[in-house]
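**Student:** Provided below are the primary sequence and the corresponding predicted coordinates.
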Amino acid sequence: MIIQADDLRKSFTTKSRKGTQTVEAVRGVGLEVEKGEIFGVLGPNGAGKTTTIRMLSTLIAPDAGTAVIAGHDLLKHPAAVRRNLGYVSQAGGVEDTTSARAQVVMAARIHDVADPKQAAAEVLERFDLTEMADRPGRTLSGGQKRRVAIAIGLVHSPPLLFLDEPTTGLDPQNRANLWERIRQLREAGTSVLLSTHYLDEADALCDRLMIVDHGEVVAEGTPGDLKRQVSGDVITLRADDLEKAAGTLKPLAREIRVDEDVLRVYVDDGEHTLPALLRALEGQGVGLSSIALDRSTLDDVFLAKTGRTLRDAGAES
Ligand SMILES: Nc1ncnc2c1ncn2[C@@H]1O[C@H](COP(=O)(O)OP(=O)(O)OP(=O)(O)O)[C@@H](O)[C@H]1O
């Protein structure tokens with residue numbers, strides 16, 4: 001386990017002319033991240049994702065709760081925790097006037113890396129930044145800047161990397177490119193905790209994730225587990241003999257419904273049931289004219305747990 005956190009809490013109190021206002025940003029969040037996995041924190045704006053990551057990376061102190069990160073107690077040994085993690089903020093933290101190389105070398109020096117120049121050159125090369133490494137930060141594209149920010153976070157080779165909304169604002173091509181690089185980090189053994197408010201990102205990238213809303217965890221599991229918890233998958237088919245098809249498929253399904261000329265077969269795991277279903281129909285000589293598999297999405301999970309879609313939740317905060 002690279003992160004084990006229990007009951008983290010954080011409130012912010014702000015004073016203005018209207019009086020004192022307290023926001024409970026994180027209300028008892030616990031999470032466990034295994035070594036070598038990509039773990040996602042999915043939630044709408046204001047859900048408490050950044051606050052959770054900032055507490056875990058020692059940038060702000062929790063009001064309550066405990067965490068052990070890479071074997072070190074967050075509250076008792078924050079310096080040891082910091083040595084073991086890289087943190088890439090939402091804004092990215094790339095300066096306009098200094099070159100990418102100088103910024104990565106500086107980060108290596110801050111972390112006491114043995115040969116800062118060499119370490120910087122290696123991480124810049126790994127992120128395909130060597131060519132533009134000596135240009136000022138402001139001349140880099142959005143995708144390149146994001147890669148520099150990650151290179152800064154990784155130059156001391158930490159076993160754990162925090163990425164706060166790493167692809168927000170990137171175009172689809174740069175997003176896909178960054179997803180691939182994050183997967184490569186996992187292949188190289190780095191554990192990654194990332195926050196996102198994109199459903200497709202959590203689904204495509206995360207081994208496991210938790211969904212947070214109003215500072216609380218509302219669901220946790222693999223993307224597949226979470227989707228199955230809600231409604232499973234539905235296979236819709238048209239056949240020459242629907243009654244016979246329904247009888248044949250009954251043992252494979254959670255529920256079967258005949259709606260006029262289509263048969264809806266509700267199953268836990270459509271991808272794995274589909275081949276068996278096709279074999280069973282063929283064995284009984286049932287002719288198919290069409291078949292489709294619809295899977296539930298993480299938005300269905302969010303809706304089931306909160307009564308709102310993730311998009312609505314984002315719009316209201
Ligand atoms: N320093 C602060 N002072 C006052 N309130 C804060 C502070 N930081 C966060 N908050 C409030 O705490 C809540 C959670 O914020 P947080 O940034 O953790 O959410 P988030 O899920 O990361 O959202 P986003 O996706 O918009 O980054 C919000 O209501 C926010 O306004």
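**Tutor:** All right, it came through fine.

**Student:** low pLDDT regions in the protein?
**Tutor:** 230-231, 314-317 (pLDDT under 70).

**Student:** remind me, longest helix of it?
**Tutor:** helix 172-187 (DSSP state H).

**Student:** which SS state does residue 265 fall under?
**Tutor:** strand (DSSP: H, G, I helix; E, B strand; the rest coil).

**Student:** re earlier: alpha carbons of the helix or strand that the longest helix of the chain is followed by, in PDB - could you do that?
**Tutor:** Downstream of helix 172-187, the next assigned helix or strand under DSSP states H and E is strand 191-196. In PDB, the C-alpha atoms belonging to strand 191-196 read as follows (Å, rounded to 0.1, in the frame of the first residue of the first chain):
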ATOM      1  CA  SER A 191       2.000   4.900  -8.400                       C
ATOM      2  CA  VAL A 192      -0.300   7.700  -9.500                       C
ATOM      3  CA  LEU A 193      -3.100   9.500  -7.700                       C
ATOM      4  CA  LEU A 194      -5.000  11.800 -10.000                       C
ATOM      5  CA  SER A 195      -8.100  14.000  -9.700                       C
ATOM      6  CA  THR A 196     -10.400  14.600 -12.500                       C
END
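
**Student:** dump the residue contacts of the nearest residue to residue 123 once chain neighbours are set aside.
**Tutor:** Closest residue to residue 123 apart from its sequence neighbours, by C-beta to C-beta, 6 or more residues apart in numbering: residue 151 at 4.6 Å. C-betas here are computed from N, CA, C, even on glycine. When the contact criterion is C-beta atoms under 8 Å, 6 or more residues apart in numbering, the partners of residue 151 are 100, 104, 120, 123-124, 126-127, 129.

**Student:** work out for me the element residue 151 sits within.
**Tutor:** helix 142-154.

**Student:** picking that back up, contacts for the longest helix of the chain?
**Tutor:** Helix 172-187 has contacts (C-beta under 8 Å, 6+ apart) with 36-38, 127, 141-143, 146-147, 150, 154, 161, 163, 166-167, 170, 192, 194, 201, 204-205, 207.

**Student:** in ChimeraX, select just the buried ones from those residues.
**Tutor:** Burial among the contacts of helix 172-187 is assessed by 16 or more other C-beta atoms under 10 Å; the matching ChimeraX selection reads:
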select :36,37,38,127,143,146,147,150,154,161,163,166,167,170,192,194,201,205,207
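
**Student:** the contacts of helix 172-187 also near the ligand: which ones?
**Tutor:** With respect to the ligand, and counting by C-beta under 6 Å from any ligand atom, no part of the contacts of helix 172-187 is in contact.

**Student:** show me the chain divided up by domain.
**Tutor:** As assigned by automatic domain parsing, the chain contains the domains 3-84+158-227, 232-295.

**Student:** quick one: end-to-end length of stretch 151-169, please.
**Tutor:** End-to-end distance for stretch 151-169, by C-alpha to C-alpha, to the nearest Å: 19 Å.

**Student:** same thing with stretch 160-168?
**Tutor:** Stretch 160-168 has an end-to-end distance of 21 Å (criterion: C-alpha to C-alpha).

**Student:** what do you get for stretch 62-76?
**Tutor:** Stretch 62-76: ends 12 Å apart by C-alpha to C-alpha.
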